[in-house]
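# next comes the sequence, and after it the predicted model I'd like to discuss.
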Amino acid sequence: MILTQSYTITDLMEGCKAGNRKMQELLYKQTASKMLAVCMRYTRDRMEAEDVLQQGYIKVFQKISTYQGDGSFEGWIRKIMVNSAIESYRKNLRTLNVVPIEDAYEQPSQGFDFSRLGMQDLLGLIQKLSDGYRMVFNMYIVEGYSHKEIADTLGISEGASKSQLSRARAILRDEIIKMEGINYASHAG
């Protein structure tokens, strides 16, 4: 009979600070699935998300001694993952589909209840957004960045950030409406 020892997050954190490879592996195993979900929101596919995840964990283990206990440890790891995704985006910078600010405001922003959609469906739709739209949408809606912070981080104007968000919402809304139409049609016949 093999008994496995369970470790608290503090045990794992302290072990990682000491450079203990087993503790790093256990921390990874305990948190990787949640962090992969974070990375998936910022990338086009699972392979790209896994690359971002690996880069993020390298940073986690390199910077773990800087964690001061302010906020949750998982939140600290999450922030590193988001920053790794943003860094990967910048490194592989693809052209942003910037919509002129005037066009963004011509379309009224209608609220949509995203909670009606399954998480996998929503993730799939977000991943289909162009890179610029996806980054701004996630940073603003999910992470709570302001348009100024997004502009500074991505090297775009605040107006471009607002425009990107408006277009991303419109695209997602249209895609959801299409999905609902398909679902309605399949149930009606």
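Nice, thanks for sending it over.
# next helix or strand past the worst-scoring helix or strand of the chain on mean pLDDT?
In the chain, no helix or strand scores lower on mean pLDDT, DSSP states H and E than helix 101-106, which sits at a mean of 44. Note on helix 101-106: by DSSP states H and E, the next helix or strand toward the C-terminus is helix 119-128.
# okay, Asn20: pLDDT?
Model confidence at Asn20, given as pLDDT, is 94.
# model confidence over the lengthiest helix in the chain, on average?
The residue-count maximum for a helix in the chain (DSSP state H) belongs to helix 158-188. Averaged across helix 158-188, pLDDT comes to 81.
# so what does that helix touch, helix or strand wise?
Here helix 158-188 touches helix 101-106, helix 119-128, helix 131-137, helix 147-154, going by 3 or more C-beta pairs under 8 Å, 6 or more residues apart in numbering; DSSP states H and E. Where you see a C-beta, it was placed from the backbone N, CA and C, and this is true even at glycine.
# ok, now with 6 Å
Judged by 3 or more C-beta pairs under 6 Å, 6 or more residues apart in numbering; DSSP states H and E, the packing partners of helix 158-188 are helix 101-106, helix 131-137, helix 147-154.
# list the buried residues for that helix?
159-173, 175-176 (16 or more other C-beta atoms under 10 Å).
# what do you get for stretch 80-87?
Neighbour-count burial for stretch 80-87 [16+ other C-beta under 10 Å]: Ile80, Met81, Val82, Ser84, Ala85, Ile86.
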